[in-house]
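Peer 1: how does the following fold in three dimensions:
(one chain, ligands or ions: 2)
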Amino acid sequence: MSPTVVSAPGKVLIAGGYLVLDPVYEGVVVATSARFYTVVLPSAEPGIIVRAPQFEGASWTYAVDDTGRVSQSSGDGANKFVQSALETTFRVVAELKGADALPRALKITIAGDNDFYSQRSQLDKGGLSRTRANLAQLPPFNAPGGPLRDVHKTGLGSSAALTTSLVCALLEHTGTAEPHSALAHRAAQRAHCAAQGKLGSGFDVAAAVFGSMRYRRFDPAAVPLDDSIAELAPRLGESAPGWNEQTGAFGLPPRTRIMLADVDAGSDTPSLVGKVLKWRTAAPEESTKLWTRLSQANSELADVLLALASSAAQDPASYDAAIEHAAAISQSDWLQSGVVERLARVRELMSDIRSMMRAMGEAAQVPIEPPEQQRLLDACVALQGVIGGGVPGAGGYDAIWVLVLEPVSAPERAAALVEELWLGWKEVDASPLLASESVERGARVEDLDAVRGLRDVL
Ligand SMILES: Nc1ncnc2c1ncn2[C@@H]1O[C@H](COP(=O)(O)OP(=O)(O)OP(=O)(O)O)[C@@H](O)[C@H]1O
Ligand SMILES: C[C@@](O)(CCOP(=O)(O)O)CC(=O)O
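Peer 2: Ligands and ions are numbered 1, 2, ... in the order given. Below you'll find the model as predicted:
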């Protein structure tokens, strides 16, 4: 029997951190070319064996009962995300297709693209500088060294991408639902929330299932978390109540590229969300004012980026010429007509959003865009061909993103300037990641041999 392989992308929330926890406000999320892969193979040995071959000792074996409930029979500690994905999916399979449809002997392999884990020490060990070219030389699904609990994550949402690829692969393997179905999305949300023990906005799982999007959250009461609930499927199916998230098409405009850096500022990002929400409650007037302005800027940013994409679709030649022109002149001269003016507006909005996020950080007394990140981002956006940037998601010390132009005549020019700046930056250590936006939307079924290096880790 041929293996079932399903992949799901990571994410970067470029606008809407914190606000997206409230259904009144939307978030803008870019799915990344970095993906998690789940490979499901029938096995001769009884039990559901799950392995993460990139990590030492990362193997867990489970037994499934007739209702789809799962218990771990052996393995290296517990992996909440894996167990929750298995149990949520198997319960749904048992309810919809009967106990006979439940697989009892499987070998499952989970592998994440290198960008999900910091490769600094791997590069350092080989005496290689932290360039994108050197990253591209590392073997696919490289082992970052050591066990999973010691791994240094890069913030692309490993748990959401892993949970989504595993849930979708099992639904596909059992013929229960396709990766883009409402059931797959809801099952992945439920599995992820149950493992996290908290209800975030769900934008990370939504992007893992559907790809880049504008996203407004669902009612938290929709998620059937209570373990005593007898039937999950009716609460996760097409007509289940409360799943009122709103998603809208989104994609970055052609001839632009998102670049990501894994930042090691030596300071741990404390838990920011709790403090921001506390400030939101304590200062309702001030925070509503700021959130309203931020939300307008976030939504306009999505609108203008989409308008740029439509200009490109309508008249590709003029669009390419405008990008060429914009990349050749200083950003302060972008205020002209059409495409270039829209780029100027994008730049202005990204800068406004940053200053409002900093204001929120100051008000809530948390480092959303701390001064170290501010200086680094200011230097990036001053480079020729850079449109703008920011701190992803909740912000903190761990990462930044920037959007650069890729004109046909010199697609690498701006990216190379950014990379050079990062490599020479002294105050904090900024290492580029390889990922850009995923062009394949969301979760998808893959052909094992079309994914470089995947067969080698089975
Ligand atoms: N390759 C893998 N195989 C199995 N489980 C994994 C793998 N990678 C990550 N995980 C699971 O995901 C957990 C990390 O999730 P956590 O919610 O802490 O981070 P995250 O917010 O998803 O991370 P980030 O956004 O930084 O990538 C790990 O503890 C582990 O359970
Ligand atoms: C603060 C918040 O809005 C974003 C967190 O995003 P990230 O994990 O920092 O990418 C929380 C959420 O949406 O779940």
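Peer 1: which positions in the chain make contact with ligand 2?
Peer 2: 13, 17-18, 20-21, 155, 200-201, 203, 273, 392-394 (Cβ under 6 Å from any ligand atom). (Each C-beta comes from the backbone N, C-alpha and C, glycine too.)
Peer 1: mind listing the strands for the stretch 201-350 of the chain?
Peer 2: Assigned by DSSP state E, counting those that start in this stretch, the stretch 201-350 of the chain shows strands spanning 213-216, 246-249, 256-264.
Peer 1: tell me which of these sits most buried.
Peer 2: Using mean count of other Cβ atoms under 10 Å, the stretch among the strands of the stretch 201-350 of the chain with the greatest mean number of neighbours is strand 213-216 (a mean of 24).
Peer 1: that strand pairs with which strands, and in what direction?
Peer 2: Paired neighbours of strand 213-216 in the sheet (DSSP bridges): strand 27-42 (antiparallel), strand 246-249 (antiparallel).
Peer 1: for whichever residue of the chain sits closest to ligand 2, what are its contacts?
Peer 2: Of all residues in the chain, Gly393 sits closest to ligand 2, with a separation of 2.3 Å (Cβ to the nearest ligand atom). When contacts are counted by Cβ atoms under 8 Å, 6 or more residues apart in numbering, Gly393 touches 12-13, 17, 155.
Peer 1: with respect to pLDDT, which of those ranks lowest?
Peer 2: Among those, Gly155 has the lowest pLDDT, at 93.
Peer 1: so that residue, which of the three states?
Peer 2: Secondary structure for Gly155, judged by DSSP: H, G, I helix; E, B strand; the rest coil, is coil.
Peer 1: just give the nearest non-adjacent residue to it, would you?
Peer 2: Ala399 (4.6 Å; Cβ to Cβ, 6 or more residues apart in numbering).
Peer 1: what pairs with that neighbour across the strands?
Peer 2: Applying DSSP bridges, one finds that Ala399 bridges with Asp262.
Peer 1: distance of it from ligand 1?
Peer 2: 9 Å (Cβ to the nearest ligand atom, to the nearest Å).
Peer 1: surely that residue is in contact with Asp264?
Peer 2: No. Using Cβ atoms under 8 Å, Ala399 is not in contact with Asp264, being 9.9 Å away.
Peer 1: what sits against Ala309?
Peer 2: For Ala309, the contact set (Cβ under 8 Å, 6+ apart) comprises 251-254.
Peer 1: for the stretch 251-400 of the chain, just list every one of the helices.
Peer 2: Taking DSSP state H, counting those that start in this stretch as the test, the helices found in the stretch 251-400 of the chain are 273-282, 284-314, 316-328, 338-364, 371-381.
Peer 1: show me which residues of the second one are buried.
Peer 2: In this case it means helix 284-314. Judged by neighbour count (16 or more other Cβ atoms under 10 Å), helix 284-314 contains these buried residues: 287, 290-291, 294-295, 297-302, 304-306, 308-309, 311-312.
Peer 1: and the last one, by the same measure?
Peer 2: Neighbour-count burial for helix 371-381, with 16+ other Cβ under 10 Å as criterion, is recorded at 372-373, 376-377, 380-381.
Peer 1: domain assignment for the protein?
Peer 2: Per the record, the chain has its domains at 4-250+444-457, 256-432, by automatic domain parsing.
Peer 1: any chance of a markdown table for these, columns distance to Ser438?
Peer 2: What follows is the domains of the chain, written out as a markdown table (distance: least, Cβ to Cβ, whole Å):
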| stretch | distance to Ser438 |
| --- | --- |
| domain 4-250+444-457 | 4 |
| domain 256-432 | 10 |
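Peer 1: which of the ones you listed is buried the deepest?
Peer 2: Of the domains of the chain, domain 4-250+444-457 is the most buried (mean count of other Cβ under 10 Å), at a mean of 20.
Peer 1: and that domain with ligand 1, contact?
Peer 2: Yes. Domain 4-250+444-457 lies within reach of ligand 1 by Cβ under 6 Å from any ligand atom, at 52, 54, 79-82, 110, 112, 116, 148, 153, 155-160, 162.
Peer 1: tell me how far the worst-scoring helix or strand of the chain on mean pLDDT is from the chain's mean position?
Peer 2: Lowest by mean pLDDT, DSSP states H and E among the helices and strands of the chain is helix 120-125, with a mean of 91. How far helix 120-125 lies from its chain's middle: 24 Å, per Cα atoms, centre = their mean, to the nearest Å.
Peer 1: out of the contacts of Gly393, who's nearest Ser318?
Peer 2: Of all the contacts of Gly393, the one with the least separation from Ser318 (Cβ to Cβ) is Val12, at 29.1 Å.
Peer 1: what angle do the helix or strand where the closest one lies and helix 284-314 make?
Peer 2: Per DSSP states H and E, Val12 falls inside strand 4-15. On the basis of axes from the mean of the first three to the mean of the last three Cα atoms, to 10 degrees, strand 4-15 is oriented at 120 degrees to helix 284-314.
Peer 1: so Ala111 sits in a helix?
Peer 2: No. Under the criterion used here (three-state DSSP), Ala111 is strand, not part of a helix.
Peer 1: contacts only, for Thr4.
Peer 2: 39-40, 169, 172-173, 445.
Peer 1: cool, Val346 as well?
Peer 2: Under the contact definition (Cβ under 8 Å, 6+ apart), the residues listed for Val346 are 301, 304-305, 308, 387-388, 403.
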